[in-house]
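Next input, structure requested:
(chains A, B, C, D and E, ligands or ions: 4)
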Amino acid sequence: MSDLLAISGLVKHFDDRRGLLGRITGNPGALVQAVNGVDLGIGEGKTLGLIGESGCGKSTLGRAILRLHEPTAGQVLFDGTDVTALDASDLKAMRRRMQIIFQDPYASLNPRRTVGEIVAKPMRIHALATGSDLEDRVVDMLNRVGLNSGHLNRYPHQFSGGQRQRIGIARALIMKPKFVVCDEPVSALDVSIQAQIVELLDEMKQELGLTYLFISHDISVIGYVSDRIAVMYLGKIVEEGETREVLENPMHPYTRALLSSVPHLEKTAGKRDRTRLKGDLPSPINPPPGCKFNTRCPLATELCRQSEPELRHMQGTQSAACHLSLANAEG
Amino acid sequence: MTTVTHWTGDAGTAKSETLFQRNMKLFASNRLSIFFLFITLGFVFMAVAAPLIAPHDPSDADLFRRLLPPAWMEGGDWSFPLGCDALGRDILSRIIYGSRVSIFIGATVILVATTIGVLAGLAAGYLRGWVDIVISRLVDILLGFPYLIFAIALIAMTGPGLQNIVLALAYKEWVIPCRVVRGETLATSGVEYVEAARAMGASRSDIMLREILPNILSPVLVVSTVRMAHVIILEASLSFLGLGVQPPMASWGSMVADGRSFMLQEWWLSTFPGLAILLLVLSINVVSQGLRDAFDPRFHD
Amino acid sequence: QAQELRVGFTLDALTLDPANHRNRETETIIRNMFDGLVTRDSDMNVVPELAESWTAIDPTTYEFKLRPGVTFHDGSPLTAADVKFSLDRLTKENAMGGQTSPRQSLLGPLKEVVVVDDLTVRLVLESPWPILPAMLPFQEMVSQAHVEAIGQEGMAEGVNGTGPFKLVEWRKGDSVIMERFDGYYGGATDISPTGKACVERVIFKVIPENSSRVAALLAGDVHIINSLPSHLVAQVEANPDTKVMAVNGTRTSYIALNNQTGPFADIRVRRALAHAVDRELIVDKILNGKATLTNGILSPDAFGKNDNLPTYEYDVDKAKALLAEAGYPDGLTVTLDVDGANKEIAEAISAVASKGGFQINVVVGEGSMLTTRFRTKGEPIDGQMWLTSWGNGSLDPVGIFVPTHRTADRGNSSGYSNVEVDALLDAANVETDRSVRADLYGKAEAMVNADLPKLYLWVAQDLYGVSTKLTGWKPSSDSRINLHDACLN
Amino acid sequence: MNDAVLRIRDLKTCFDTRDGMVTAVDGVSLSLGRGECLGVVGESGSGKSVTFASVMGLVKKPGFIAKGSINFEGRELVGLDPKNYRKLRGKEIAMTMQDAQTALNPAYTVSNQIIEVLLAHDETLSGSRKAQRRQARQQALEMLQLVGIPSAETRLDDYPHQFSGGMRQRVMIAIALACKPKLLIADEPTTALDVTIQAQVLELIADIRDKLGMSVILITHDLGVVAEYCDNVVVMYAGQVVENGPTGAVIATPQHPYTQGLLRSIPRLSDLSRRIEPIKGTVPELIDLPDQCRFMDRCTRAQASCRDLIAMQDCGAGRQVRCIAPGLAGGSDV
Amino acid sequence: MSVGKFIERLLQLIPVLLGVSIIVFVMMLFTPGDPVAIMLGDQHVTEELENALRHDMGLDLPPHQRFFKFLSNALTLDFGLSYYHRQPVWDVIASRLPATIELSLAALVFALVVSIPLGVLAAVHKNSLLDRIATVTSLFGVSLPGFWFGILLIIFFAVNMHWLPVAGRAGFESEVAPITHLLLVDSLLRGRIDAFWDALRHLILPTITLGLPMASILTRVTRASMLDVLNRDYITFAEAKGLSKTKILIKHALKNALIPTVTVAAIETGSLLGGNMVVETVFGWPGLGRLVVESIFVRNYPLIQAAVLFYAVTYVMLNFFADILYTMLNPRVKL
Ligand SMILES: Nc1ncnc2c1ncn2[C@@H]1O[C@H](COP(=O)(O)OP(=O)(O)OP(=O)(O)O)[C@@H](O)[C@H]1O
Ligand SMILES: Nc1ncnc2c1ncn2[C@@H]1O[C@H](COP(=O)(O)OP(=O)(O)OP(=O)(O)O)[C@@H](O)[C@H]1O
Ligand SMILES: [Mg+2]
Ligand SMILES: [Mg+2]
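Ligands and ions are numbered 1, 2, ... in the order given. Here you go, the predicted model:
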């Protein structure tokens, strides 16, 4: 595969264990295994949707790719370059080509800077343009995201959430990156605004030929924007494949449960036959042995409790990490 | 609550003001704070223009004027409105010159301490690692000393005097802005706009000074005004205990101390300098409270 | 209702062990619980107390006969052995549980104490020392058995004396509470009345703050206060229930001038200063007139005082002329060191001296620091002028003249050295004939007055505020507060 | 609907703020039958929470109920004295709050927080204070079991922070249901939760509603949730009800352009190829709004007469809508 | 809180205490002048005695050895001899401690007793007259120079009105045999109401002077945190449960609102300890603070050193206990 981005064996652990002192005092700190060996590829111009429950490691994965978190292990090949091996100056150069859009439109903009300054900042850092040239490019970018030059000198607090998200998008895209991590860019917005931003991101993708890693916990949004879907559970990818295939024929019991939990507009109050999960996502501090999902899986067997399944090809474009073969179990 | 401007609205019409400006306006709308701000500025003016406004040389002693009462009392003299001290020096002039000591020490200590504290706090909070460990330990250790005791011990070692007082106070004072800044920096450095700057490739100093610093200046401003009031009282206390500035320099604290044994009869010797301390410190505190009310978002509604 | 006399006092005792301090306030407090072999009457004459009488057998041997029937507070009798033990404790090296008494030097050449019989001791001196009796009033007698029982450490708080009061409690930093000792032998027979003390209880209450102390007196909380600030005299007098009592002090105030180097090495400058300082004005205004000017180091009441010393009159022109002569036609700027307690006086001196051409900068330092800079025992002095004082409870020149003026002596803060003066002082030190001795000191003082190593200022009166209820008590020059005779109506 | 448990008429709740008078709820009317589940949807800030805070009598200064009536089981609640209100709250009307994280007191154990409601309201408890506590504790345990907290006995004395988000929401429901209220107001019980947990919690509420026969108001901004769990729906926009009616009907044939826009802007799993169409613009500020259609600025069908005061209109089948041109361009797409 | 966590927190004190001792030691090291000469002042002693003293004080050792000696001695409370008092330094300090502890505790209690109800009431009745009065009073409270205020109090209450004694710790009649050395406690234990009353009268003015700034700060903190807590969802939820007003206030609000108060109170004990120096001087209170001030003027370094170290250790320990209390109030915090 000639993926633009190829992740292999990516691990990110947050380690604040205390060593000897901790052992003496019985407060050893914790090793949070936020991302625990992820292999993924994203083809150029494609959108990979990443879905999973809160705390399963989606954001950590997104940030580790950009080295906003230093990965513990693994490789991130971007256009053939191993991002994890770059030194400071090469990394800086690389950052022109990989960007991120954040979830919280209120926290992601510096309240002390004007919109003009915020959007121009990446250009300044990389000395890509100065003076009126810079201003032209900023205004151009603002126009593209649906704002205008009149907004240049305003401060973030003067904008609504949706508008702020547009500013964040302008900032991420002004350097014309090839790859953008969208970390739940619409989760904090109201439904009617969500749609605006989803549309905008889509337009930008077409216009600039972008590649997205699109993180969300809303499977309808993911389904709508992605070419492929990856389902994450407790630091691991449990299923991956073409969007349509995964949604129509989920291979992993977790994916199924996820899908059947989504309330549907079409059906009215009557109850559907559903796969209901018991309990919560286990803690990434001490994940269960065997298959990480076995504690909640309605189909778990002894094997699941003992050995951890690898992500393997199932059918079509789909792979899943499950001992059971559900390929044709259901329609 | 956030201000929601119309998405379709004309962008040009809304005035662009920073949060800081907005808060400042809020502050300015608090009449009490403004009143006391003017009193504070009055003291500053008094300190700067002391030679011009003081009616007499503050160290001009004349034993024939010893313990002259304030002008409105029997035996008073309007050319010495607040009376004279035990050596016949004009109390008003000494209070006017005394403001120099209080304000100079207050301002210098706070300036030095805030500069050091902000830089150290930023470094500790953003760089983390051993920088944080070293700075935080030092802060913990210095916090282990009650303030006045620390200052007294230092001055007991180094001897009294303007410079020693400033140093003795600043040695510990920086810890306070440092802690505040470190905490704010820690909180801010996880915020997404800082991550965004990192994602753009901004350097660490760029992030600390341009992204984080401007956003934590409000608490620093509030803290440093409160602390300034505190430092002024500390200086006065040191002077009162005889560890303050040297004569013939007049310090309010030492004036209270000198006048204290006259308190039973010649009450004006200590009362007026004491009032001066109270008024200045009170003014700064009110201003600081006004700043806090304006800047602390919890009070916005 | 028990009669209780309360004294508002500036400082707490440092210890209650009479041998383990050299502190005036401590002395004042504990002298009410301990008696000495001798004491002073109100005219400062030395009279027998625990001793019935004494004789100088020869210039180096004094024999003391003890009063019979004297008992310690615990009821045990005072014997010659106790006297020897007490004096040995004061003078012998390491006699106090390995330490040496800081009072050792107060007993000068005392070599040996010999017990003759139960009620007789002899004090043997190494060399003639005529002031021995004058030095004895403040050497109190302790019980040997008691010291051995409670040990050196215990002495700091465990009192067993022969004085008119016994200890009830010492609340450190707050008060010393005493109770009348009903077994008291009566005290010095030369001072009436005798017998046990008049009041039943005595409390020394520590109130360091001047205004608080005065306020306590005015409020009737205490009956006597020491160190009444002069500016509050009027107020105490104005109160119908209180009055002021004054006594000539024994502390001479002076400005030590650096005779070694700097401007004051020139006698003309020293004299100019003497003419420039209006001492009378300062005494009048700052001390409320409660001080006696002096032209020499000795106080007017002291033994051997030369009453005919010339005065350097306040004379601005003369001062300026002398300064000009010494090469300072435009006046002279000098630094006056002073400790916190004397700051006001120093500033006043600075204020008055400016008319005479002296620009004096007052620098406040700490007493002990100044001591090391000025009392250098002959080493170079670091400083120009120091406003200080020297107390002389014994009122004998040995206690003040010698240390402050003899070459390189411990209190010679001027670096003054005059071999003739030294010779006169040395001679007087061993002279037993009182009038000859007095003469020697008179000569020495005249010489010093001419050399003017220090600017002699005054002997301030000790001021006490007392309640009008108090009778039978008078302040004493040696700053002792003897409460034996004090009564309350 | 004669046996309405709750009937709100023309409720207006305002906040007197520094920036001006915020009319958070402006003329809301709705009613809720016994055993019914009513869904309330609307964007953030549309006045959902304030409406039901008004019902609970929990509008705090600077807020106040400017006019209108709230009728609960025949009793008028507007102007009810605090003491009687207190007797009502927690006992007859219970409420769960938007954020379970902050709504449970962090300083007390879960059992403590359930027991205190019982002690405050439950008259069946008898005996000494200690005995009452014991009984209440037993009931608390039953409640925790009812809401499906695994090994409830051991978790009784845990603190809220020791529970996960979904469990906290259950605890809050347990507290709300402790006195078997007639009406449960669930304010966005699942917004902060993941879908898998959301499903658990909503199912739980539905189950309990069946068991206890109480009425439920489910506040949410997820139309899907309404579609699955509610009998009727009220759509709110900028402090006003813009449309209400039986859920199925409203979703199938929305009449108000806002409801229509909302439905068009949601991507649907069932039809991934369907393009979503955002509603342009943002919600207006609630300060000094003119008496015109609040949705006008964003509406594609706005016309001059939209500037007049618009009232709710009946459009049959128990449905009402606040629009002068309802239904147009509606159904076909949905 | 588990024992392990308690121990961990205790272990964390070690570097702080060590650092504190280093700083105290270094302060002394850099003190100009010969400590022995300064200590001896004008007492004239022999050369041997001087050298012996120098040796006793360990001044003939190299600095690092001096430090270790200092540290090991300090651990056994051996701070050498206060030459001025001719007693072991620790004995002198110990004799002054009860007075300081009594005054500080009284001030602390005063501050808490005044500030908590006042802060709560001010928050509950926000913008009421009471709130305004509390705000103004607390502004004055933090702005008053204690030394001056104390003098004013004496003049008014003691000198002019004769209501309260001028100075000191106890009247003359009211000595009671010590048990705890705290007069208020001892007099009660011994059943001496008169002595208790007397001790209380002596305590009032110094307590107010010392405690006022702290009371003011705590009032503000309590008010602010109470306001904050009252806006929390769990308060609304408690109201939604139909609980009574007082129950909500006392049970649900106060416990949470006190958390910041405890922290700030611990920090502010530092200014209590420091304020002792000033207040004890003004009121002639026979405590450690006055002793330290007096010691400065006689350059009694070993005593200053020991006292500063003592204050610092006390302060660190107080904050430690406040932390523990904090965790007890706040189940969320795991040390
Ligand atoms: N800096 C950090 N230090 C320690 N643990 C962390 C850190 N950042 C994240 N974690 C932990 O790593 C795990 C994964 O977190 P992450 O933010 O990647 O989850 P997520 O899937 O993005 O969740 P959400 O949907 O809530 O955003 C969580 O358990 C989180 O607590
Ligand atoms: N205490 C208050 N002071 C001023 N305005 C308030 C206050 N509380 C609510 N409001 C205003 O009332 C309006 C409605 O708020 P409400 O909380 O009911 O919205 P909501 O529909 O519940 O939104 P969400 O989905 O975010 O919970 C908002 O615009 C808000 O600004
Ligand atoms: Mg995330
Ligand atoms: Mg809400």
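
drop to CA atoms for contacts and neighbour counts, all remaining ones
Noted.

Next one: A:Thr47 from A:Lys58, what distance?
According to Cα to Cα, to the nearest Å, A:Thr47 and A:Lys58 sit 15 Å apart.

Which one's more surrounded, those two?
Remark: of A:Thr47 and A:Lys58, A:Lys58 carries more neighbours, 29 against 24, as counted by other Cα atoms under 10 Å in any protein chain shown.

Please name the residues that touch the more buried one.
A:Leu50, A:Ile51, A:Gly52, A:Ile215, A:Met232, A:Gly235 (Cα atoms under 8 Å, 6 or more residues apart in numbering or on different chains).

Now with 10 Å, please.
Contacts of A:Lys58 were listed using Cα atoms under 10 Å, 6 or more residues apart in numbering or on different chains, and they are A:34-35, A:50-52, A:64, A:183-184, A:214-217, A:231-237.

Likewise for B:Gly125?
B:Gly125 makes contact with B:119, B:131-132, B:135-136, B:178-179, B:181-189, B:208, according to Cα under 10 Å, 6+ apart.

do E:Ser95 as well
Residues touching E:Ser95, when contacts are defined by Cα under 10 Å, 6+ apart, comprise C:Arg171, C:Lys172, C:Gly173, E:His181, E:Pro286, E:Gly287, E:Leu288.

Among these, which one has the most neighbours?
Scoring the contacts of E:Ser95 on neighbours with other Cα under 10 Å, the highest-scoring entry is E:Gly287 at 29 neighbours.

for it, phi and psi?
Dihedral angles phi and psi of E:Gly287 (degrees, to the nearest 10) take the values phi -110, psi -170.

Chain B versus that one, what's the distance?
If you measure E:Gly287 against chain B using Cα to the nearest Cα, to the nearest Å, the figure is 14 Å.

Assumed E:Asp60 was part of a strand.
No: using DSSP: H, G, I helix; E, B strand; the rest coil, the secondary structure at E:Asp60 is coil, not a strand.

gap between the spatially closest residue to it that is not a sequence neighbour and C:Phe374?
Nearest-residue entry for E:Asp60: E:Arg54, 6.5 Å, with adjacent residues in sequence omitted and distances by Cα to Cα, 6 or more residues apart in numbering or on different chains. Counting by Cα to Cα, the separation of E:Arg54 from C:Phe374 is 22 Å.

Could you do C:Pro77 as well?
With distances defined as Cα to Cα, the gap from C:Pro77 to C:Phe374 amounts to 47 Å.

which one of those two has more residues nearby?
Neighbour count, other Cα under 10 Å: between C:Pro77 and C:Phe374, C:Phe374 has more, with 27 against 15.

List the residues that contact that one.
With the criterion set at Cα under 10 Å, 6+ apart, C:Phe374 makes contact with C:256-258, C:337, C:380-386, C:410-415.

Repeat the analysis, applying 6 Å as the threshold.
By Cα atoms under 6 Å, 6 or more residues apart in numbering or on different chains, the contact set of C:Phe374 is C:Ile381, C:Ser413.

Kindly report the same for D:Asn232.
Taking Cα under 6 Å, 6+ apart as the definition, contacts of D:Asn232 comprise D:Leu38, D:Gly245, D:Pro246, D:Thr247.

which SS state does the second one fall under?
The one in question is D:Gly245. Three-state call for D:Gly245 (three-state DSSP): strand.

near chain B, anything from stretch D:279-287?
Yes: interface with chain B: stretch D:279-287 contributes D:Gly281, D:Thr282 (Cα under 6 Å from any Cα of the partner chain).

buried stuff in the lowest-mean-pLDDT helix or strand in chain B?
Each helix and strand of chain B was given a mean pLDDT (mean pLDDT, DSSP states H and E); the minimum falls on helix B:19-28 at a mean of 76. Neighbour-count burial for helix B:19-28 flags B:Leu19, B:Phe20, B:Asn23, B:Met24, B:Leu26, B:Phe27, B:Ala28 (criterion: 16 or more other Cα atoms under 10 Å in any protein chain shown).

repeat for stretch C:251-270
For stretch C:251-270, a neighbour-count test (16+ other Cα under 10 Å) marks C:251-260, C:263-265, C:267-270 as buried.

ditto for stretch E:8-27
Of the residues in stretch E:8-27, E:8-9, E:13, E:16-17, E:19-25, E:27 count as buried by neighbour count, 16+ other Cα under 10 Å.

which element is the residue nearest in space to the middle of chain D on?
Relative to the mean C-alpha position of chain D, the nearest C-alpha, by Cα atoms, centre = their mean, is the one of D:Ile219, at 3.1 Å. Mapping D:Ile219 onto the secondary structure by DSSP states H and E places it in strand D:215-220.
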